[in-house]
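In: heads up, no residue letters with this:
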């Protein structure tokens, strides 16, 4: 992958930090993004900032300079990758209750978080047979790829993670008072909050992958990797692989779920209209609507215009 054939810089960023005067910050930040010409989604909440933006390198850096000047954001975590085309349709800056939704208002990663583990040290941690390895991402993300021997909570949303852990705590810990637990997610934000949750539940031997899967795939060579499959990302690239190369998955425009090459060979897959996962849950009227949208998207592409479809908010 070179900057010549992948000229768009993608920056995934987050920071847990107390954030006040968010309405004013939102207005100034959106104006900065629009002036720079970047696209993507940024969330602001009392607990911090989270988002992904994309544009030419100078445009992205202009916005990052603005964000780093915000209170508490000078050391914001940013992960860079490149894309051949703009992976977003528009720019949004939204005010939310949480920058990643867990639904546990008393959890504070600033005050109480697990140990950060660098990608270079991650393999040794998860190779230990005494380590309980938990994938904190949603079920459709895990289906695209995960670490060897990771536990899949089979949750549809990160909001389901606390109840899953509490319901399965006894079986997970297997009678051990304070076992070693390692957790991971796409960019590090969910596992950072998940370790804060477990520490609040009385467990302190908890660890999480610093920079998330994206940093691991960027840092660790394929021959040394314990990762299997591709990593789902919340933009039009859909998945990435080692070296942050674009993966083979595409997005079902009906249900917004990733579809693999095998899924696309299934009789229920029709581009823009249905996939094996959603075919049975959609009505014929809905499929007709999707077909019309797909038609309009193709017409917009022929005109050299971007058709603004439903965007997914990144969890990271």
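Out: Arrived safely. Owing to the predicted nature of the structure, the values given are computational and were not obtained by experimental measurement.

In: which residues in the stretch 1-150 of the chain form strands?
Out: Along the stretch 1-150 of the chain, counting by DSSP state E, counting those that start in this stretch, strands occupy 8-16, 39-45, 48-55, 77-83, 91-95, 115-117, 132-135, 145-147.

In: what lines up beside the last one in the sheet?
Out: Pointing back at strand 145-147 there. If you go by DSSP bridges, strand 145-147 pairs up with strand 227-229 (antiparallel).

In: same question, the first one
Out: The pairing partners recorded for strand 8-16 under DSSP bridges are strand 48-55 (antiparallel), strand 77-83 (antiparallel).

In: Compare those and report which one is nearest to residue 250.
Out: With C-beta to C-beta as the criterion, residue 250 lies closest to strand 77-83 of the strands paired with strand 8-16, at 14.6 Å. Yep, even glycine has a C-beta here, placed from its N, CA and C like the rest.

In: Mind checking the pLDDT average for that closest one?
Out: Mean pLDDT, computed over strand 77-83, is 89.

In: lowest-confidence stretch among the strands of the stretch 1-150 of the chain?
Out: Taking the mean pLDDT of those, strand 77-83 comes last: a mean of 89.

In: Now do the same contact list for the residue nearest to residue 269 when sequence neighbours are not counted.
Out: Spatial nearest neighbour of residue 269, chain neighbours left out: residue 275 (5.0 Å); criterion: C-beta to C-beta, 6 or more residues apart in numbering. Counting by C-beta atoms under 8 Å, 6 or more residues apart in numbering, residue 275 touches 252, 254, 255, 257, 259, 263, 264, 266, 268, 269.

In: circling back to that earlier point, now mean neighbour count and distance to residue 185 too, for the strands of the stretch 1-150 of the chain, in CSV please.
Out: CSV is the format used below for the strands of the stretch 1-150 of the chain (neighbours: other C-beta atoms under 10 Å; distance: least, C-beta to C-beta, whole Å):
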stretch, mean neighbour count, distance to residue 185
strand 8-16, 24, 11
strand 39-45, 23, 16
strand 48-55, 24, 12
strand 77-83, 19, 12
strand 91-95, 17, 20
strand 115-117, 16, 13
strand 132-135, 22, 8
strand 145-147, 21, 11
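
In: And the strands paired with strand 8-16: which comes nearest residue 62?
Out: strand 48-55 (8.8 Å).

In: and the closest one with strand 91-95, angle?
Out: Angle, strand 48-55 to strand 91-95, by axes from the mean of the first three to the mean of the last three C-alpha atoms, to 10 degrees: 180 degrees.

In: any idea which helix is longest in the protein?
Out: Longest helix of the chain, by residue count under DSSP state H: helix 284-302.

In: Surely residue 92 and residue 44 touch.
Out: No - the criterion here is C-beta atoms under 8 Å, and residue 92 misses it with residue 44 at 11.1 Å.

In: could you pull out the helices for this structure?
Out: Counting by DSSP H, the helices of the chain are 22-36, 57-68, 119-127, 139-144, 161-173, 189-200, 212-219, 261-264, 284-302.

In: Can you tell me which of those helices is packed in deepest?
Out: helix 189-200 (a mean of 25; mean count of other C-beta atoms under 10 Å).

In: Name the surrounding residues that touch it.
Out: So helix 189-200 is contacted by 14, 16, 50, 99-100, 102, 104, 106-109, 112-115, 134, 136-137, 158, 161-162, 165, 181, 183-185, 206-209, 212, 315-316 (C-beta under 8 Å, 6+ apart).

In: mind redoing it with 6 Å?
Out: By C-beta atoms under 6 Å, 6 or more residues apart in numbering, the residues outside helix 189-200 that reach it are 14, 50, 100, 102, 107, 109, 112-114, 136, 158, 162, 183-185, 206, 208, 315-316.

In: now swap in stretch 17-24 and tell me
Out: With C-beta under 6 Å, 6+ apart, stretch 17-24 has contacts from 44, 48, 72, 95.

In: again, only using 7 Å
Out: 25, 44, 45, 46, 48, 49, 72, 73, 95, 110 (C-beta atoms under 7 Å, 6 or more residues apart in numbering).

In: Contact partners for the closest residue to residue 101 other than its chain neighbours?
Out: Closest residue to residue 101 apart from its sequence neighbours, by C-beta to C-beta, 6+ apart: residue 159 at 5.4 Å. By C-beta under 7 Å, 6+ apart, residue 159 lies in contact with 101, 102, 103.
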